[in-house]
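> can't give you the sequence, but here's the structure:
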């Protein structure tokens, strides 16, 4: 995907163009815009991998939360909260790095383009989001139809995978929403010609 974005930015964009950055003009080259898109794409991939690690029952964080249930509900809640706080660290740094890099290359336009880079995998993300309810409904239909216990075990495994994929889709949505909201705020400040904050 990164190579495709590089080819498109090399062919479709001019070698340099001018953008307006809060009243000032800034010259942006096509390779800088490519890096903005690529950083957004990579930040989205990092968020997806980290979300899968912290929400899939195949990895140790979820298994540790399940093991903490043996000692009581309070331990489970405390351990789950601590794990939730810890799981936010890497995505926050990924979003912060993408904002810093894209702003340094192309100002607020770079942040908007980085958000587009993060959303470039939206077709896959929507398919991932749709998988969870489909597998959940399959389990419900199997139970209502009175099918064998083996089929219900299979649909439960699919439902667990569906919950993981739904969490991955939410991670993409939250990361891209952060970048888009920052870009919209920058567009408002630029359009309103706000120079200082009261």
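Nice, I can see it. Here the structure is a predicted model, which is why all the values come from computation and not from measurement.

> what segments of the chain are strands?
Here the chain has its strands, by DSSP state E, at 16-21, 24-29.

> next up, the contacts around residue 119.
44, 172, 176 (Cβ atoms under 8 Å, 6 or more residues apart in numbering). C-betas here are computed from N, CA, C, even on glycine.

> so which of these sits lowest on pLDDT?
Of all the contacts of residue 119, residue 172 carries the smallest pLDDT score, 79.

> excluding chain neighbours, give the residue nearest to that residue in space.
Across the structure, with Cβ to Cβ, 6 or more residues apart in numbering as the measure, the residue nearest residue 172 apart from its sequence neighbours is residue 125 (4.9 Å).

> switch the strands of the chain over to CSV; also include mean neighbour count and mean pLDDT.
As requested, the strands of the chain are arranged in CSV below (neighbours: other Cβ atoms under 10 Å; pLDDT from 0 to 100):
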stretch, mean neighbour count, mean pLDDT
strand 16-21, 13, 84
strand 24-29, 13, 87
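
> JSON lines for those, including distance to residue 89?
Formatted as JSON lines, the entries for those read as follows, by distance: least, Cβ to Cβ, whole Å:
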{"stretch": "strand 16-21", "distance to residue 89": "31"}
{"stretch": "strand 24-29", "distance to residue 89": "31"}
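
> now which of the contacts of residue 119 would you call buried?
When burial is judged by neighbour count using 16 or more other Cβ atoms under 10 Å, the buried members of those are 44, 172, 176.

> now the residue located most distally from the centre of the chain: phi and psi?
With distances taken as Cα atoms, centre = their mean, the residue sitting farthest from the centre of the chain turns out to be residue 146, at 38.7 Å. Phi and psi for residue 146, reported as degrees, to the nearest 10, are phi 70, psi 30.
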